[in-house]
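Student: what's the 3D shape of this:
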Amino acid sequence: MPIDRDVPVIEAQFVSLDDRFNGLDGDFVVERIHTGARKSEGPVWFPAGCYLVWSDIPNSRLLRWDETTDAVGVFREDSGYANGNTIDRQGRLLTCEQGNRRVTRTEHDGSITVLADAYKGRRLNSPNDVAVRHDGTIWFTDPPYGIAGDYEGNAGEQEQDGQYVFRLDPSTGDLTVVADDFVRPNGLAFSPDEQRLYIADTRQEPSHIRAFDVLADGSLAGGAIHATCDHGRFDGLRVDTEGRIWAAAWDGVHCFAPDGDLIGKLLLPESVANLAFGGPKRNLLFITAGRSVYCLRVTFNGALYPPAAPSV
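Tutor: The predicted structure follows:
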């Protein structure tokens, strides 16, 4: 579908593939809140400020959309070819800087703290996407996309022995490999109760999502293929309050039931890279796709992200 840059909305195309998708829809139109980036990725919603931040990877910048004014501006120039973003439980921005091969935290005063840039004395590959648990630990994937060339990073040598998924304890600085058998680990998201971690492996054939059990000590078990992609490759992931997985793919956003069945899609005119829930009720769905960012209000709610501490 060609993009008419003079038309700010497109028809919402929800495709039901299973009765369990019935009622999972939203606005009749999808609003394009921005276009003109080179490659949009890593959307993250800031509830306190009512704004969205996302990455324009090849242009090495972070952009910001303000809900109250509908204005888009540059949040940060020279972002280190930032890719995935999220917030921690203190409302601070966490960023995977592909070009700088590190994970950083933006403090409330705007200063930047490097959280992880090496493992066992060797530089990380190029951190890609990131998630936070209720205990404050930071989980991120580390494929080599950002060092494969100069398009979305800085060409460089891979120093790690594999493509790892890491868990970082920011209170101690301890960095631990929790999964080491991926071809290209990419998007990741926890189930609402944090008992499972879903991780996309982009370059497998077919591209798929694996499901891991999260053990009490923070390690992972299992890792069986949970869902496969029927159009292109998976990228970013998010989970709603009912445990359904919403996955970025080449034809739009795919929705999987908690058991892994594909139950529906939201089709879009550009290849989707990532998504995030926002708004006071977490029922605004923001989608980074190609050069653009799309938004619509939906009839389901994103899981609290980052999650609250479990009740005792």
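Student: how many neighbours does Gly121 have?
Tutor: Neighbouring residues of Gly121 were enumerated by other Cβ atoms under 10 Å; the total is 6. The C-beta positions use only the backbone N, C-alpha and C, and glycine is treated the same way.
Student: next: Arg38.
Tutor: By other Cβ under 10 Å, 14 other residues sit near Arg38.
Student: mind checking pLDDT for the nearest residue to it once chain neighbours are set aside?
Tutor: Computed as Cβ to Cβ, 6 or more residues apart in numbering, the closest residue to Arg38 that is not its neighbour in sequence is Pro58, at 4.3 Å. Residue-level confidence at Pro58 comes out at 98, pLDDT.
Student: one more: Asp142?
Tutor: Per-residue confidence at Asp142 stands at 98 (pLDDT).
Student: so what's the residue nearest to Arg38 up against?
Tutor: 38-39, 81, 151-152 (Cβ atoms under 8 Å, 6 or more residues apart in numbering).
Student: please spell out the ChimeraX selection for the buried subset of those residues.
Tutor: Selecting only the buried entries of the contacts of Pro58 in ChimeraX, with 16 or more other Cβ atoms under 10 Å as the criterion:
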select :39,81,152
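Student: mark which of the contacts of Pro58 are part of strands, please.
Tutor: In strands, defined here by DSSP state E, there are no members of those.
Student: dihedrals phi and psi, the residue nearest to Arg38?
Tutor: Backbone torsions for Pro58, taken as degrees, to the nearest 10, come to phi -60, psi -30.
Student: would you check that Val72 makes contact with His34?
Tutor: Yes: taking contacts as Cβ atoms under 8 Å, Val72 lies within contact range of His34: 4.8 Å.
Student: what do the two both touch?
Tutor: 63, 65.
Student: now the strand ranked longest in the chain: buried residues?
Tutor: For the chain, the strand that runs over the most residues, judged by DSSP E, is strand 220-228. By neighbour count, and taking 16+ other Cβ under 10 Å as the criterion, the buried residues in strand 220-228 are 220, 223, 226-227.
Student: show me the contact partners of the next helix or strand after that strand.
Tutor: Later in the chain than strand 220-228, the nearest helix or strand by DSSP states H and E is strand 237-239. Outside strand 237-239, the residues that touch it by Cβ under 8 Å, 6+ apart are 187-192, 198-200, 209, 245-248, 275-277, 302-303, 305.
Student: next one: stretch 116-125
Tutor: Counting contacts by Cβ under 8 Å, 6+ apart, the residues touching stretch 116-125 from outside are 100-103, 127, 138, 140, 142-144, 146-147, 156, 158-160, 163-164, 166, 168, 175, 177.
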